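**Q** structure for this input, please:
(one chain, ligands or ions: 1)
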Amino acid sequence: MSSDATRGADDMIGDGTLAVRAGLPEPVKYEPTLPGPVFAAHFHLPGEPTGPYTYGRDENPTWTHLEHAISTLEAPGESGVETLVFASGMAAISAVLFSQLKAGDVVVVPSDGYQAVPLVHEQLRAYGVEVRSAPTGGDAQLSVLAGAKLLWIETPSNPGLDVCDLRRLADAAHEAGALVAVDNTLATPLGQRPLLLGADFSVASDTKGMSGHGDLLLGHVSCRDAERAAEVRRWRKIVGAIPGPMEAWLAHRSLATLQLRIDRQCGTALAVAEALKGHRHVTGLRYPGLPDDPSHEVAARQMRRFGSVISFELPDRAWAEHFLGALHLVEEATSFGGVRSTAERRGRWGGDAVPEGFVRFSVGAEDPEDLIADVLRALDETAKALG
Ligand SMILES: *Cc1c(COP(=O)(O)O)cnc(C)c1O
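**A** Predicted structure coming up:
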């Protein structure tokens, strides 16, 4: 990786430096570097009930530190970016959609995005919002933008790993009078910075690579416009989908190793993808970091790291199931972005339009040689067992 690719947008400070310091308060003698989680339903509040801390559904000092950290990662060196943390990625996604859209509005969404989001689309339709969808690949969402209030983008898409041109879509959407939100879960802010590429909202499930240990659920929304941020904040208050202080604190603690983890995972993901390339039982291999991936050219323009997830197809369901069972170092589990490698046959959920033998593979922080050996051995064993 070139030193340029590891620099923050302000060109002064590297991503590792940024990550270990993000969101830390000014040092206070005898206090820890990162103050511990504040468990409080309410705060001492004599007299006029003004903030910053009044009631635990509205604000919490542990969230504040984490929100500052995420704002720094989303737009280094910029002030005026506001971040709100949520109980999960879905809470963050719903907060943007439901705070920005009303009956009669049109929203454009990807047809190949995260599998729980169509449930939200159903709900939006029930409230009188028109939901139009188009695939991520080929910037196909451009063709259905006319009259839209909001364009929702997911790139790279989960689980198909298609990529669209963020800057091009954001410019076209703004010209058409639409706001732009990007689900940046897969990339994390060290992989891609939607706000710097023209988006109005950067939204993510921090359950995945951002917190990276598979031990908590969390989400966030970052945006530059204070009015928009106030609308999302209002939604969080009325729905109450707030993170616990412990989760927020664990996530902040985990951000310190974000650059270490992501660099390791992206490097290994590319190595695993290279090892799978041309394997006689593997087809449809996708990883935006592979130079010959259909997404690579666009991805290389807008991504600084290509993510920890690869996807591929095995001949059929039985093949995929046997392969997953034969792996020793890779847990069969959903989710992705964690330090321990996981993989699953995505078709088992029924929500994604994928072949029965489609595998989504999340590369962890194991030694690349160990992981590659395990994967190739499991493929060989499966080939022997199933012929
Ligand atoms: C997991 C995921 C979500 C949902 O996040 P939760 O934290 O599970 O609610 C949303 N978008 C993408 C792309 C995801 O991978």
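
**Q** low-scoring stretches of this structure, by residue?
**A** 1-11 (pLDDT under 70).

**Q** who touches the residue of it found nearest the ligand in this structure?
**A** Using Cβ to the nearest ligand atom, the single residue of the chain nearest to the ligand is G89, 2.3 Å away. C-beta: built from backbone N, CA, C; applies to glycine. Residues near G89 by Cβ atoms under 8 Å, 6 or more residues apart in numbering: Y114, T185, V203, A204, S205, D206, T207, K208, L217, L218, G219.

**Q** who in the stretch 201-350 of the chain is up against the ligand?
**A** S205, T207, K208, L217, G219 (Cβ under 6 Å from any ligand atom).

**Q** test my guess that the third one contacts T342.
**A** Right, the one you point to is K208. No: between K208 and T342 there is no contact under Cβ atoms under 8 Å: 10.7 Å.

**Q** give me the more crowded residue out of the two.
**A** Ranked by neighbour count (other Cβ atoms under 10 Å), K208 and T342 place K208 first, with 25 against 22.

**Q** contacting residues for that one?
**A** K208 neighbours (Cβ under 8 Å, 6+ apart): G89, T185, L186, T188, S335, F336, G337, G338.

**Q** tell me the contacts of the last one?
**A** So that's G338. K208, G209, G212, H213, G214, S362, G364.

**Q** OK, contacts around the residue most central in space within the chain?
**A** The residue lying closest to the centre of the chain (Cα atoms, centre = their mean) is T185, at 0.5 Å. Taking Cβ under 8 Å, 6+ apart as the contact definition, T185 lies against G89, Y114, E154, N158, A204, S205, K208, G209, M210, G337.

**Q** show me those that map onto strands.
**A** E154, A204, S205 (DSSP state E).

**Q** so which strand or helix has the residue of the chain most remote from its centre?
**A** Farthest-out residue of the chain from its mean C-alpha position, per Cα atoms, centre = their mean: G47, at 41.7 Å. Here G47, judged by DSSP states H and E, is contained in no helix and no strand.

**Q** for A299, see how far away it is.
**A** Distance, G47 to A299, by Cβ to Cβ, to the nearest Å: 54 Å.

**Q** now T62
**A** Counting by Cβ to Cβ, the gap from T62 to A299 is 35 Å.

**Q** does S311 sit in a helix, a strand or a coil?
**A** Three-state assignment for S311 (DSSP: H, G, I helix; E, B strand; the rest coil): strand.

**Q** was I right to think it contacts P355?
**A** No: between S311 and P355 there is no contact under Cβ under 8 Å: 10.7 Å.
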